[in-house]
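K.L.:
sharing a sequence plus its predicted fold:
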Amino acid sequence: MFEIHREKIEWAGRTLTLETGHVARQADGAVLATYGDTTVLATAVSAKSAKPGIDFFPLTVNYTEKYYAAGRIPGGYFKRERGPTEKDTLTSRLIDRPIRPLFADGYKNETQVVITVLSYDLENDPDILGMVAASAALTLSGAPFMGPIGGARVGYIDGEYVLNPVLDRMAGSALDLVVAGTQDAVLMVESEAKELSEDVMLGAVMFGHKGFQPVIDAIIRLAEKAAKEPREHVVDDTSALEEKLRALVEADLRDAYKIKAKAERQDAVSVAKKKAIAALCGEGVEDAVDPQKLGGVFKELEAKIVRWGILDDKIRIDGRDLTTVRPILPEVGVLPRAHGSAIFTRGETQALVVATLGTGEDEQFIDALAGTYKERFLLHYNFPPYSVGETGRMGAPGRREIGHGKLAWRAIHPMLPEPSEFPYTLRIVSEITESNGSSSMASVCGASLSAMDAGVPLKRPVAGIAMGLILEGEKFAVLSDILGDEDHLGDMDFKVAGTDEGITALQMDIKIAGITEEIMKVALAQAKEGRIHILGEMATAITKGRSELGEYAPRIEVIKIPTDKIREVIGTGGKVIREIVEKTGAKVNIEDDGTVKVASSDGKAIKAALNWIRSIASDPEVGTVYDGTVVKVVEFGAFVNFFGAKDGLVHVSQISSERVAKVSDVLKEGDKVKVKLMGFDDRGKTRLSMKVVDQTTGEDLENKGGSTAAPAGGEAAPAAAAPEAEAAGEERPAGGRRRRGPRREEAAE
């Protein structure tokens, strides 16, 4: 029934198996790939004829992680996978980018690649395996795919490159880099790094390229046994049409691309295109040309004019040379109520970026194959249609928005302070208000500025720059800070972000068959010069995180309590912690290791909550002076709440150095007093004294120069936290419950 073909290789210490002929046999190409105990199924189907009415290649890549792959049921109310997660979307883009340039020119048949994660061993990330399986499925399908490609992940651990490190080892890696390409060249790079040098990054790319060559060889061997016959694909000869267009509009296009302003330039190009359509596609024209076909040739002519102009004259569309960065204007503190805000303008690209600080309650729960975890740093990118002077649908973020946001996230993430240093949840939103080239890198710069404006102590400011490439034969030109037109008409989109110390994120997409190590080296060196220049411009606005948070930002203080006290602070069913939150107005978050985060925009609320928590989790110290509140007056003294929920007796003899005939003449319920903890009687009852404390200054009169203030957390909680005692001699233990104290005669000295 089955004609199964397999290829097995040892790759980075584990067995990689590629199998076809067993599953999904009706797809044009299907490969079951296994690496360790991670298994994915990749299928490729391409329509038999071109889709009419389109001028682009309709390729769709869908990567899906199934929760059963890790033996899990999806969290939340819905127990079925409900559309792509962020990881699914990012991996779909990761696989799409290196395979798209390898389809034959002019191929317009609708093509879909579906990668499904069937098994996940919690060691080998299925994204790389999915890329390999997709490449193999396309190679077997018979579609005009000029592959195969290979892919690999590269780590940098203890100063050495590691190929496809397992998940546990990645935690200690200074680099997470994914590289894909053919036997001869690199096509795609995606990475996050901890300020690594250009040489280290380039070395990682080439190490990965060499590392996946055995995978390409295995796919070729599998294709030799199981590939379908290649489809016939004929590319139209458009040379005659191009000659007609040259005669008609070449001069117009050359003049148009001398206009520096984007909108005016686009208008001039549009006029030239309408002229060509009228002359070659209009009614009554002999041998009229299909407008769609003319559009494709017109675009090719545009590209040639721009590309050769740059290669020959070293002058770009807007008049710059190859290395000059457009004028930059950084602004911070632009929104009055935001915690941090910035506008970063570079030429005709502008990002309005806003930073918001939150508490532990604002962390995002992410339900992933490996389990549920919390993320304290969020970066969201929005690209409204008005940013390019167009109308369009406004809805959920698309793949582009998610991908650009993640790239900016990777750039900023390595520079964030540790939670112990800055215990806030941070959300940054980049609103692209103008776009003409590299809005993702503008988002990186704006994110760095807005975070520092919000008081985030970044280790160093981060900037980003997009590089382009024009490659014709042996001639090439690397362009710094590319325009939108240079991106569309060029051969490379190479984005580098980092600090003055090194690279934190690198993304590269190649639109041709690949580029060499020499070109990448030039691009990285040129990008460093541009990045340092941009950082210098940003420094005119702000250089480090503000020393104080904004007026409207929440304040968070962190303490540590013994883990065996966590239950007491929370209380039965959360009763105690709810009472703390309700009475003080502060937010309280307690972690399993005893870390307590208390947040509020009101410093008094934080202090009250911390004192309350400390009073539960610790004991008062003998000889220390505390602020207290009289909660009950009796004939022989007064009971004072002095340490959270703890009360103690100030005997009539300890109220004043002068004789007190009647306690109620001196004290009444609600009075604020200062008391010293004298110790405990033989029954364990608390003894307090007022007369040994200066009631104005809080000075300990018995021990001048000694401790005169309550230790951290020793100050009494607010009155609401300490309701009136129910009986004489009452003491309330942690948790707020009351127990009946000794009889009056027992409490008296």
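P.N.:
Right, received. Where do you want to start?

K.L.:
tell me the SS of the residue nearest the centre of the chain?
P.N.:
Nearest to the geometric centre of the chain sits Trp409, at 3.6 Å (Cα atoms, centre = their mean). Under the three-state scheme (DSSP: H, G, I helix; E, B strand; the rest coil), Trp409 adopts helix.

K.L.:
list the residues that contact it.
P.N.:
Applying Cβ atoms under 8 Å, 6 or more residues apart in numbering, we find Trp409 in contact with 377-379. Quick note: C-beta positions are derived from backbone N, CA and C, even for glycine.

K.L.:
of those residues, just say which sits nearest to Glu582.
P.N.:
Leu378 (28.4 Å; Cβ to Cβ).

K.L.:
tell me which residues touch the residue lying closest to the closest one once chain neighbours are set aside, please.
P.N.:
In space, and not counting its chain neighbours, Leu378 is closest to Arg427: 4.4 Å by Cβ to Cβ, 6 or more residues apart in numbering. Going by Cβ under 8 Å, 6+ apart, Arg427 touches 355-356, 358, 362, 377-380.

K.L.:
how about those in JSON lines, adding secondary structure?
P.N.:
Shown next, in JSON lines, are the contacts of Arg427 (three-state DSSP):
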{"residue": "Ala355", "secondary structure": "strand"}
{"residue": "Thr356", "secondary structure": "strand"}
{"residue": "Gly358", "secondary structure": "strand"}
{"residue": "Asp362", "secondary structure": "helix"}
{"residue": "Phe377", "secondary structure": "strand"}
{"residue": "Leu378", "secondary structure": "strand"}
{"residue": "Leu379", "secondary structure": "strand"}
{"residue": "His380", "secondary structure": "strand"}
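
K.L.:
any low-confidence regions in this protein?
P.N.:
Scanning the chain for pLDDT under 70 picks out the ranges 514, 644-645, 704-749.

K.L.:
what residue in it is the furthest from its centre?
P.N.:
Going by Cα atoms, centre = their mean, the residue of the chain most distant from its centre is Ala661, 69.3 Å out.

K.L.:
which SS class is that residue?
P.N.:
Ala661 carries the three-state label coil when classified by three-state DSSP.

K.L.:
what about it, distance to Phe636?
P.N.:
Distance check for Ala661 against Phe636: by Cβ to Cβ, to the nearest Å, it reads 13 Å.

K.L.:
hang on, the earlier thing: nearest to Asp28 among the contacts of Arg427?
P.N.:
Using Cβ to Cβ, His380 comes nearest to Asp28 of the contacts of Arg427, at 37.3 Å.

K.L.:
hang on, the earlier thing: just the buried residues of the contacts of Arg427.
P.N.:
Among these, those buried by neighbour count (16 or more other Cβ atoms under 10 Å) are 355-356, 358, 362, 377-380.

K.L.:
contacting residues around stretch 334-342?
P.N.:
Outside stretch 334-342, the residues touching it (Cβ under 8 Å, 6+ apart) are 330-333, 343, 352-357, 446, 449-456, 541, 549-550, 552-553.

K.L.:
just those residues: which are in strands?
P.N.:
Under the assignment DSSP state E, the contacts of stretch 334-342 contribute 330-332, 343, 352-357 to strands.

K.L.:
can you tell me which of those has the most neighbours?
P.N.:
With neighbours defined as other Cβ atoms under 10 Å, the most crowded of the ones in strands among the contacts of stretch 334-342 is Val353; it has 31 neighbours.

K.L.:
which other helices and strands contact whatever helix or strand Arg221 lives in?
P.N.:
Element membership of Arg221 [criterion: DSSP states H and E] is helix 213-226. Contacts defined by 3 or more Cβ pairs under 8 Å, 6 or more residues apart in numbering; DSSP states H and E place helix 213-226 against strand 5-11, strand 14-20, helix 126-141, strand 150-157.

K.L.:
now do the buried residues in the helix or strand following it.
P.N.:
Counting by DSSP H and E, the next helix or strand C-terminal to helix 213-226 is helix 239-256. Residues of helix 239-256 classed as buried by neighbour count (16+ other Cβ under 10 Å): 241-242, 244-245, 248-250, 252-253, 256.

K.L.:
could you pick out the longest strand of the chain?
P.N.:
Assignment by DSSP E gives strand 38-50 as the longest strand of the chain.

K.L.:
can you give the contact residues for that strand?
P.N.:
Applying Cβ under 8 Å, 6+ apart, the external contacts of strand 38-50 come out as 23-24, 27-33, 69, 107-121, 123-126, 129-130, 133-134, 136-138, 140-141, 143, 231.

K.L.:
from those, which would you call buried?
P.N.:
Using 16+ other Cβ under 10 Å as the burial test, the contacts of strand 38-50 include 24, 27-33, 69, 107-121, 123-126, 129-130, 133-134, 136-138, 140-141, 143, 231 as buried.

K.L.:
any idea of the angle the helix holding Arg221 forms with strand 5-11?
P.N.:
170 degrees (axes from the mean of the first three to the mean of the last three Cα atoms, to 10 degrees).

K.L.:
helix 213-226: how far from the chain's middle?
P.N.:
36 Å (Cα atoms, centre = their mean, to the nearest Å).

K.L.:
how about that helix as CSV, C-alpha atoms only?
P.N.:
C-alpha atoms of helix 213-226 as CSV (Å, rounded to 0.1, in the frame of the first residue of the first chain):
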residue,chain,number,x,y,z
GLN,A,213,24.8,21.5,4.4
PRO,A,214,24.3,17.8,5.3
VAL,A,215,20.6,18.5,5.5
ILE,A,216,20.5,19.8,2.0
ASP,A,217,22.4,16.8,0.8
ALA,A,218,19.9,14.5,2.5
ILE,A,219,17.0,16.3,0.9
ILE,A,220,18.6,15.9,-2.5
ARG,A,221,19.1,12.2,-2.0
LEU,A,222,15.4,11.8,-1.0
ALA,A,223,14.4,13.8,-4.1
GLU,A,224,16.4,11.5,-6.3
LYS,A,225,14.2,8.6,-5.1
ALA,A,226,10.8,10.2,-4.6
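
K.L.:
would you mark the buried spots in that helix?
P.N.:
215-216, 218-220, 222-223, 226.

K.L.:
kindly report the same for stretch 400-419.
P.N.:
Neighbour-count burial for stretch 400-419, counted by 16+ other Cβ under 10 Å, picks out 401-416.

K.L.:
so which residues of the stretch 551-700 of the chain form helices?
P.N.:
Here the stretch 551-700 of the chain has its helices, by DSSP state H, counting those that start in this stretch, at 566-570, 575-584, 603-617, 663-666.

K.L.:
so what does the shortest one touch, helix or strand wise?
P.N.:
Applying 3+ Cβ pairs under 8 Å, 6+ apart, one finds that helix 663-666 makes contact with strand 625-634.

K.L.:
which secondary structure state does the nearest residue to Gly319 once chain neighbours are set aside sit in?
P.N.:
Nearest non-adjacent residue to Gly319, counting by Cβ to Cβ, 6+ apart: Lys260, 5.5 Å away. Three-state call for Lys260 (three-state DSSP): coil.

K.L.:
tally up the residues packed near Lys260, please.
P.N.:
With other Cβ under 10 Å as criterion, Lys260 counts 15.

K.L.:
next one: the residue nearest to Ala143 when sequence neighbours are not counted from Ala513, what distance?
P.N.:
Of all residues not flanking Ala143 in the chain, Ser46 sits nearest, at 4.2 Å (Cβ to Cβ, 6+ apart). Plainly put, Ser46 is 20 Å away from Ala513 if you go by Cβ to Cβ.

K.L.:
compare those two and say which one has the larger neighbour count.
P.N.:
The residue with more neighbours, out of Ser46 and Ala513 and counting by other Cβ under 10 Å, is Ser46; that gives 23 against 15.

K.L.:
so how far is Gln112 from that one?
P.N.:
8 Å.

K.L.:
which residues in the stretch 251-400 of the chain form helices?
P.N.:
So, for the stretch 251-400 of the chain - with DSSP H, counting those that start in this stretch - the helices run 262-281, 291-313, 399-412.

K.L.:
let's have those in CSV, adding distance to Lys528.
P.N.:
Formatted as CSV, the helices of the stretch 251-400 of the chain follow (distance: least, Cβ to Cβ, whole Å):
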stretch, distance to Lys528
helix 262-281, 27
helix 291-313, 21
helix 399-412, 15
